[in-house]
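In: Sequence first, predicted coordinates after that:
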Amino acid sequence: MKRALEITLISAESIRLNKKPVKNAFVAVRAEPGHECSTKPALDKGTNPQWNEKLIVDLPLHVAFITLEVKCKSSSGSYKVVGGATVPVSDFAGALGTPEGYVHFLSYRLRDSNGVRTDGIINISAKMPVPAPALACKCDVPRSEVGVPVGHQRKMTAAGGLVVGVPVW
């Protein structure tokens with residue numbers, strides 16, 4: 001079973017690769033191995049790229065972390081990782097006291113592939129969208145009444161003396 005994560009990659013600050021500003025930086029988001037989505041490359045060249053791009057990521061229930069990687073295209077055409085951040089799902093999902101659909105604005109320090117802090121911070125917003133209510137069936141197939149007998153059956157009501165429970169979301 002999966003749920004949707006709405007994540008907006010806002011910007012990065014002070015990112016460098018080998019102490020040089022990066023060009024065409026983009027962010028790859030991965031919730032589970034083999035399933036990655038990414039932003040378009042930032043138009044500005046330098047250390048503070050901005051994307052302001054929203055991505056919808058399928059987030060399986062068993063996933064505890066998502067991975068954000070800032071990458072850039074090198075002159076040879078290959079992609080290099082500038083830095084990454086491992087984001088706990090608990091930072092934006094199931095937080096106590098926050099309603100469903102609440103937007104969390106978060107910033108994370110980037111780290112290299114060895115886990116050592118690098119120059120750079122990534123700024124994101126994340127929210128778990130409120131699930132849409134289930135739509136009522138619009139078909140002409142007769143449904144049986146479901147309910148529990150209530151009180152004495154002296155008075156017959158339209159429902160036949162049954163109380164029908166309807167869940168409220």
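Out: Perfect, thanks for sending it. Owing to the predicted nature of the structure, the values given are computational and were not obtained by experimental measurement.
In: how about low-confidence regions in this protein?
Out: Along the chain, the model assigns pLDDT under 70 to residues 94-97, 131-169.
In: how about 50 then?
Out: Where the chain drops to pLDDT under 50, the residues are 136-146, 148, 153-159.
In: wait, doesn't Q50 sit right on E13?
Out: No: counting by Cβ atoms under 8 Å, Q50 does not reach E13; the two are 10.1 Å apart. From N, CA and C alone the C-beta is placed, and that goes for glycine too.
In: Helices of this protein, start to end?
Out: Secondary structure of the chain (DSSP state H): no helices present.
In: Now do the strands in it.
Out: Here the chain has its strands, by DSSP state E, at 2-13, 16-17, 20-21, 26-32, 35-38, 50-60, 65-73, 79-88, 104-111, 117-127, 148-149, 162-163.
In: The longest one: which residues count as buried?
Out: What that stands for is strand 2-13. L5, E6, I7, T8, L9, I10, S11, A12 (16 or more other Cβ atoms under 10 Å).
In: Bridged to the first one, which residues?
Out: In other words, L5. Bridge pairing for L5 (DSSP bridges) gives the partners V57.
In: can you pull the contacts of it?
Out: L5 is in contact with A31, I56, V57, D58, L59, I66, F92, A93, A126, K127, M128, counting by Cβ atoms under 8 Å, 6 or more residues apart in numbering.
In: wait, isn't the second one in contact with K2?
Out: It refers to I56. No: the criterion here is Cβ under 8 Å, and I56 misses it with K2 at 11.2 Å.
In: Tell me how far E100 lies from I66.
Out: Distance of E100 to I66, computed by Cβ to Cβ, to the nearest Å: 18 Å.
In: and what of G115?
Out: 17 Å.
In: who has more neighbours, those two?
Out: Using other Cβ atoms under 10 Å as the criterion, G115 and I66 rank with I66 on top: 22 against 8.
In: Quick check: that one touching A28?
Out: No: here I66 lies out of contact with A28, judged by Cβ under 8 Å, at a distance of 10.8 Å.
In: can you tell me which residues contact V70?
Out: 12, 15, 22, 25-27, 81-84, 110, 120, 122.
In: how about TSV for those, with distance to H104 added?
Out: Below are the contacts of V70 laid out as TSV (distance: Cβ to Cβ, whole Å):
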residue	distance to H104
A12	18
I15	22
V22	26
A25	23
F26	22
V27	17
V81	25
V82	24
G83	21
G84	19
L110	19
G120	20
I122	14
